[in-house]
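# Fold the stuff below for me.
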Amino acid sequence: MLEILDALQYTFIQRAILATILTSIACGVIGVYVVTKKIVFIAGGISHACFGGIGLSFYLGLNPLIGLLPFSILSAGALGFLSKKTKVSEDSAIGILWSLGVAIGVILIYLTPGYAPDLMTYLFGNILTVPASDIWLMIGIDIVILVTVVLFFKEFLSMCFDEEYTRVVGVSSDKIYLLLLCLLALATVAMIKVVGIILIIAMLSIPASISRKFSHNMKTMMVYSSVIGAVLSLIGLALSYQFDLPSGATIILVMSVVYLFVVGVSEIQKRVQRKNVEVDFE
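Sure thing, here's the model as predicted:
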């Protein structure tokens, strides 16, 4: 514990903690929509398609996040267009964009002279290497997500539960859905350095799924999900520092263990309640 407290004096640890909190806010808010709307695999499709943006950035010699941001939004737009405006099924669109993005990224990285030193960071995450510029980008992403959710909260809510009602009241559910996918793309960019492309799905779904065990109110779930995500991520970060483990994988491992524990306790409580009801009935 003393070693962890001593580590707080280092700038890279302070940035890692701040990045963890900022990422948890984005994941907590968007993750609730992802879990409620049941679009977890769409999130996976967008995150893996983003690998093409990383490859493009390496090829052009840019900061990978600069290429990742527009590429992720374009991927979200393409996925929304294919699934809503064409006869291509949603799962087919996910598979196409998923594989296409990875293929583009692999080819561009192969064509890039030299070695890509930070590639593993974007695949599996390394929160300890987050620079100050990425912190400011995360702050901007959080602001955009929060402001958009506040402005379109009712539209997002109706779309998640009843798209037909959304159309009846005069709101284009397709446009709202596309807007949600764009916010999901922004959240993906914020998470890349924390857990990497491979583990983004878990970061989006686990805190939101845990919060769902305690509340079914969307606003409350967003708060719970953000707090749970931040606390568990900080615990994972501390454990990764203490035992010299990969930060992204350790964070997801902690979240997974806690989720399984919560689910187990919830099932036990349900069985006890059923038995009590049966006893009362008898």
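
# all contacts plus neighbour counts: C-alpha atoms, from now on.
OK.

# now the helices for the stretch 151-282 of the chain?
153-161, 163-168, 173-212, 218-243, 247-281 (DSSP state H, counting those that start in this stretch).

# Out of those helices, flag the one nearest residue 75.
helix 173-212 (8.0 Å; CA to CA).

# Report the buried residues of the helix or strand hosting residue 19.
Assigning secondary structure by DSSP states H and E places residue 19 in helix 11-37. For helix 11-37, the neighbour count (16 or more other CA atoms under 10 Å) marks 12-13, 15-36 as buried.

# C-terminal to it, what's the next element?
Counting by DSSP H and E, what follows helix 11-37 is helix 40-49.

# Which helix or strand lies directly C-terminal to that next one?
Heading C-terminal from helix 40-49 (DSSP H and E), you reach helix 51-60.

# between the helix holding residue 19 and helix 218-243, how big is the angle?
140 degrees (axes from the mean of the first three to the mean of the last three CA atoms, to 10 degrees).

# What is the burial count for residue 110?
15 (other CA atoms under 10 Å).

# Mind giving me the packing neighbours of the helix or strand where it lies?
Using DSSP H and E, the element containing residue 110 is helix 90-111. The helices and strands touching helix 90-111, judged by 3 or more CA pairs under 8 Å, 6 or more residues apart in numbering; DSSP states H and E, are helix 40-49, helix 51-60, helix 64-85.

# Any chance you could list what contacts the longest one?
Here helix 64-85 makes contact (CA atoms under 8 Å, 6 or more residues apart in numbering) with 46-47, 49-58, 88-90, 93-94, 97, 134, 174, 177-178, 181-182, 184-186, 188-189.

# With the second one instead?
The contact list for helix 51-60, computed with CA under 8 Å, 6+ apart, reads 63-72, 100-109, 111-112, 116, 197.

# Now a ChimeraX select for only the buried ones of the residues you listed.
Restricted to buried positions by 16+ other CA under 10 Å, the ChimeraX selection for these reads:
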select :64,65,67,68,69,70,71,72,100,101,102,103,104,105,106,108,109,112,197
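
# one step back: the helices and strands packed on helix 90-111: which one's closest to residue 127?
Closest among the helices and strands packed on helix 90-111, using CA to CA: helix 64-85, at 14.1 Å.

# what does the average pLDDT come to for that closest one?
Regarding helix 64-85, the rounded mean pLDDT is 83.

# I'd like the distance from that helix to the chain centre, please.
Put simply, helix 64-85 sits 15 Å off its chain's centre (CA atoms, centre = their mean, to the nearest Å).

# Equivalent analysis for stretch 122-141, please.
Using CA atoms, centre = their mean, the offset of stretch 122-141 from its chain centre is 14 Å.

# try stretch 188-202
Distance, centroid of stretch 188-202 to centroid of chain: 6 Å (CA atoms, centre = their mean).

# how about that stretch: buried residues?
Buried, per 16+ other CA under 10 Å, within stretch 188-202: 188-202.
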